[in-house]
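>>> Predicted model and sequence follow; I will ask about them next.
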Amino acid sequence: MPTSPPPSVAIIMRSRNRSLLLDRALRDVLQQTVTDWTVVVVNDGGDRSEVDPVVERYRARLGDRVQVIHHDTSLGMEAASNAGIRASDSEYIAIHDDDDEWHPTFLERTLAYLARHDDAGVAVRTEIVFERITDGTIEEVSREIFQPDLKAVTLFDTIRHNRCVPISVLYRRAIHHQIGYYNESLSVVGDWEFQLRLLQQHTLGFIDGDPLAYWNQRREAIGDLGNSVIVEDSEHKRLDQSVREHHLKEHVSQSGLGAVLYQTAYQQREFDHLHQRQNYSEDLLRQILETNRHLADRVQVLEQSVSDASLVALLRRRYRRLKDRALRR
């Protein structure tokens with residue numbers, strides 16, 4: 001009996017003790033205009049009762065397009081992603097965390113793009129949705145465009161900081177065979193580190209226009225309901241530095257310190273030069289302000305002198321008129 005071909009997209013949905021958000025995420029996937037997908041829910045060390053009942057709620061609509069992986073203890077976000085990827089079969093992969101959402105045409109638009117281009121993947125215009133959870137209800141607070149200046153995803157920009165989040169990207173599974181999987185030693189910034197490796201060898205396309213992905217954030221939430229980018233801010237900074245240090249050492253081991261030392265010295269010289277110009281500009285500004293203050297004082301004295309002179313002249317004219325009238329009498 002012939003086997004059916006694998007679905008086009010494997011949607012990896014990481015979750016932990018967030019049944020309310022997981023419910024919304026599954027409904028979000030079911031609203032996609034494209035149905036050729038499978039979703040792998042990875043419960044990373046959370047209570048099974050927060051996952052299984054939610055999945056069963058949509059079993060009739062999901063059918064055999066869903067599977068659940070339970071980790072007895074949390075292995076981390078990147079290990080959860082890798083587990084879902086390895087447990088599925090598809091041409092394309094999307095990381096859809098349980099607290100984020102897509103526009104209904106996200107898969108339709110991104111699949112169409114990758115059918116026309118040879119890019120390794122594609123990112124979309126993304127909107128940050130700020131929300132809060134009150135008494136078991138998700139309430140939207142405000143929205144803003146994420147990275148509004150973004151016109152293309154480049155290695156040049158990504159070296160500085162992450163330009164697109166997991167919910168924004170659809171990419172080809174074959175990439176993992178070339179650059180490896182997500183780095184499980186990173187508790188955060190794993191998506192950025194993966195994109196750095198991807199962009200060293202490949203191109204990530206970009207679909208501009210109206211947002212097709214929604215990065216939901218709860219600024220006041222802590223614990224499982226919080227966002228790692230907010231709750232674990234210090235860890236983000238620490239591991240950001242760790243990733244940079246790793247790649248710098250890798251570069252130096254292959255190319256030596258010469259170029260790095262030269263570039264560092266050059267940048268320091270340019271910084272010192274700019275600092276000197278800034279100090280000069282600040283001194284010049286202080287001189288101009290002081291000159292203006294002296295001029296203002298002199299103008300005030302002159303205005304007072306003119307005013308006094310005008311008053312004396314007026315009194316003299318009136319005195320002469322009164323004197324003339326008195327003489328005529």
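Good, I have the coordinates.
>>> Check what pLDDT residue 243 gets.
For residue 243, the pLDDT comes out at 80.
>>> how much space between it and residue 95?
18 Å (C-beta to C-beta, to the nearest Å). In this view, the C-beta of every residue, glycine as well, is placed from N, C-alpha and C.
>>> got it, and residue 162?
Applying C-beta to C-beta to residue 162 and residue 95 gives a distance of 13 Å.
>>> So for these two, which residue has more residues nearby?
residue 95 (25 against 18; other C-beta atoms under 10 Å).
>>> Look at residue 13 and tell me its secondary structure.
strand (DSSP: H, G, I helix; E, B strand; the rest coil).
>>> who does it bridge with?
Legend: beta-bridge partners of residue 13 under DSSP bridges are residue 41.
>>> contacting residues around it?
Residues in contact with residue 13, defined by C-beta atoms under 8 Å, 6 or more residues apart in numbering, are 22, 25-26, 29, 39-42, 84, 96-98.
>>> Follow the chain on from the helix or strand of the chain with the lowest mean pLDDT and name the next helix or strand.
Taking mean pLDDT, DSSP states H and E as the measure, the chain has helix 228-231 as its least confident helix or strand, at a mean of 56. The helix or strand immediately downstream of helix 228-231 is helix 233-255, counting by DSSP states H and E.
>>> what packs against that next one?
helix 190-201, helix 228-231, helix 258-328 (3 or more C-beta pairs under 8 Å, 6 or more residues apart in numbering; DSSP states H and E).
>>> Could you dump those into a markdown table with distance to residue 5 and mean neighbour count added?
Below are the helices and strands packed on helix 233-255 laid out as a markdown table (distance: least, C-beta to C-beta, whole Å; neighbours: other C-beta atoms under 10 Å):
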| stretch | distance to residue 5 | mean neighbour count |
| --- | --- | --- |
| helix 190-201 | 26 | 19 |
| helix 228-231 | 35 | 15 |
| helix 258-328 | 49 | 10 |
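>>> Quickly list what residue 205 is bridged to.
As for beta bridges, residue 205 partners with residue 122 under DSSP bridges.
>>> From what I see, it and residue 119 are in contact.
Yes - under the criterion of C-beta atoms under 8 Å, residue 205 makes contact with residue 119 at 4.1 Å.
>>> These two: which is more packed in?
residue 205 (21 against 17).
>>> Please list all residues in contact with that one.
113-114, 117, 119, 121-123, 153.
>>> same thing but 7 Å
With contact set as C-beta atoms under 7 Å, 6 or more residues apart in numbering, residue 205 has these partners: 113, 117, 119, 122.
>>> what does residue 37 give?
Contacts of residue 37 (C-beta under 7 Å, 6+ apart): 7-9, 11, 65, 107.
>>> Number of residues surrounding residue 243?
Neighbour count for residue 243, taken as other C-beta under 10 Å: 16.
>>> Could I get the contacts of residue 37 in CSV, plus columns for pLDDT, distance to residue 133 and neighbour count?
Listed next are the contacts of residue 37 as CSV, based on pLDDT from 0 to 100; distance: C-beta to C-beta, whole Å; neighbours: other C-beta atoms under 10 Å:
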residue, pLDDT, distance to residue 133, neighbour count
7, 94, 32, 19
8, 97, 33, 18
9, 98, 29, 24
11, 99, 23, 28
65, 96, 28, 16
107, 99, 27, 24
